[in-house]
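[1] here's a sequence, model it:
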Amino acid sequence: MKFISLFMAVLLSGCAGLMEGIDFTAYEDLKVREQTNPRYPKVAVENGLSGYVEMTFNVTSQGDVRNVVVVKSFPKGLFDEVAVRALT
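    As a prediction, the model looks like this:
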């Protein structure tokens, strides 16, 4: 057990160092162009369901969203369509 704890501590400290060399100042002037709240699916409202959708996507230099892929969602498929629509 001690070995696993030590291994995890070393692993996490190594991951923290990865962010040190990244310059985020180039992105400080970015602004939200449009904000859209997703419409909650009727079946989810009626049944008191909540969930999440994890997506990957690209943003073009013009600010358009492209290549949207649903990576993971729960409950599977329930919120996917409305989440993608809100993002695009």
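[2] any weak-confidence spans in this structure?
    For the chain, applying pLDDT under 70 flags the ranges 1-20.
[3] could you check how far the closest residue to residue 59 other than its chain neighbours is from residue 50?
    Distances taken as C-beta to C-beta, 6 or more residues apart in numbering place residue 65 nearest to residue 59, at 5.9 Å, with adjacent residues excluded. The way it works is simple: take the backbone N, C-alpha and C, and place the C-beta from them, glycine included. For residue 65, the distance to residue 50 (C-beta to C-beta, to the nearest Å) stands at 24 Å.
[4] between those two, which one's more packed in?
    residue 65 (13 against 10; other C-beta atoms under 10 Å).
[5] wait, that one touches residue 57, no?
    Yes. Applying C-beta atoms under 8 Å, one finds residue 65 in contact with residue 57, separated by 5.3 Å.
[6] do a quick rundown of the helices in the protein.
    Assigned by DSSP state H, the chain shows helices spanning 2-17, 42-46, 80-87.
[7] ok, and what's touching the shortest one?
    In other words, helix 42-46. 49, 50, 51, 78, 79 (C-beta atoms under 8 Å, 6 or more residues apart in numbering).
[8] so what's the first one up against?
    For residue 49, the contact set (C-beta under 8 Å, 6+ apart) comprises 43, 75, 78.
[9] highest neighbour count among the residues you listed?
    Note: the member of the contacts of residue 49 with the most neighbours is residue 78, at 18 neighbours, neighbours being other C-beta under 10 Å.
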